[in-house]
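[1] Sequence first, predicted model second:
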Amino acid sequence: MEAIAQRHYMSGEEFDRLVASDLITEDTPVELIEGELLPVSPQGPAHSSMTEVFRELVLDAVGPGWHCVSHSSVDTTADSRVEPDLTLVRGRPIEYFSELPGQPNVGLVVEIVSSRQTFPRAQSKIDIYARGGIPEYWIVRLKKRLIDVYSDLADDEYRSHQEFGIGDRVDIPQSDSDFAVADLLGGIPDSAIG
């Protein structure tokens, strides 16, 4: 007789307790997505570099009163603890010493997608971020040179989805600035992207 694998779903609070007791550490590459503990994909140089490029771009645009965190948990829904590549957070980092940033203090979440395998995972987070009150979510698709922008949050849904390509400009939330997609994604050689 074959054993049947049984899934165990956990809440964000259960996940937080595992982190607090060091059963899940910062070196454990997992995130909680809708109750399931799922592995986080490893990041290559293009992914890591582009995360920093977007970090600098966003911080330069928004100015004082905001900071960015990379690959850190965000408080979204009761059954998820996601770790976006970049999160724009209101206030100073020390203000989040005992709690995760979440609504209303998150202005933007960015996921960098460097391969086809990671795009479905980024798409699966759209509803999580919307239900968590995150006002704007970007999926940066390196290989396709596209940025998907989900915005206009209402009733736990993004009412707007726009796809920006090489010839377009994207507005940076919480600022009066924008940028040309070509300036960031146009010069990446195909060989650098997985």
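    That came in fine, so what should we check first?
[2] chain center to the lengthiest helix in the chain: distance?
    In the chain, with assignment by DSSP state H, the single longest helix is helix 45-62. Remark: helix 45-62 is offset 13 Å from the chain centroid, using C-alpha atoms, centre = their mean, to the nearest Å.
[3] Use 598 as the first number for this chain going forward.
    All set: I'll call the first residue 598, so the last point we hit is now helix 642-659.
[4] Can you tell me what sits against that helix?
    Contact partners of helix 642-659, identified using C-beta atoms under 8 Å, 6 or more residues apart in numbering, comprise 640, 663-665, 667-668, 682-683, 685, 704-705, 707, 709, 711, 737, 739, 769, 771-772, 774, 776, 781, 785, 789-791. Bear in mind the C-beta positions are built from the backbone N, C-alpha and C, glycine included.
[5] Output the contacting helices and strands for the following helix or strand past that helix.
    Next helix or strand after helix 642-659 toward the C-terminus (DSSP states H and E): strand 663-666. Judged by 3 or more C-beta pairs under 8 Å, 6 or more residues apart in numbering; DSSP states H and E, the packing partners of strand 663-666 are helix 642-659, strand 683-687.
[6] CA-only coordinates of the shortest one, as PDB, when you get a sec.
    Extracted as PDB, the C-alpha positions of strand 683-687 are listed here (Å, rounded to 0.1, in the frame of the first residue of the first chain):
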ATOM      1  CA  LEU A 683      12.000  44.900  -2.700                       C
ATOM      2  CA  THR A 684       9.600  46.700  -0.500                       C
ATOM      3  CA  LEU A 685       9.200  50.400  -0.100                       C
ATOM      4  CA  VAL A 686       8.300  51.100   3.500                       C
ATOM      5  CA  ARG A 687       7.300  54.300   5.200                       C
END
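[7] Quick one: the strands in this protein, in order.
    627-630, 633-636, 663-666, 671-672, 678-679, 683-687, 703-710, 734-738, 743-751, 754-761, 766-768, 775-777 (DSSP state E).
[8] Summarise which helices and strands the first one is packed against.
    Where contact means 3+ C-beta pairs under 8 Å, 6+ apart, strand 627-630 is packed against strand 633-636, strand 678-679.
[9] on that earlier part again, Tyr693: which of the helices and strands packed on strand 663-666 is closest?
    Tyr693 lies closest, by C-beta to C-beta, to one member of the helices and strands packed on strand 663-666: strand 683-687, at 7.0 Å.
[10] Pairing partners for the closest one, with directions?
    Strand 683-687 has its sheet partners listed here by DSSP bridges as strand 663-666 (antiparallel), strand 703-710 (antiparallel).
[11] Flag every buried residue along that strand.
    683-686 (16 or more other C-beta atoms under 10 Å).
[12] now do stretch 694-706
    In stretch 694-706, counting by 16+ other C-beta under 10 Å, buried: 697-699, 702-706.
[13] that older thread, could the helices and strands packed on strand 627-630 go into TSV alongside mean pLDDT and distance to Tyr755?
    Output for those, formatted as TSV (pLDDT from 0 to 100; distance: least, C-beta to C-beta, whole Å):
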stretch	mean pLDDT	distance to Tyr755
strand 633-636	85	22
strand 678-679	90	16
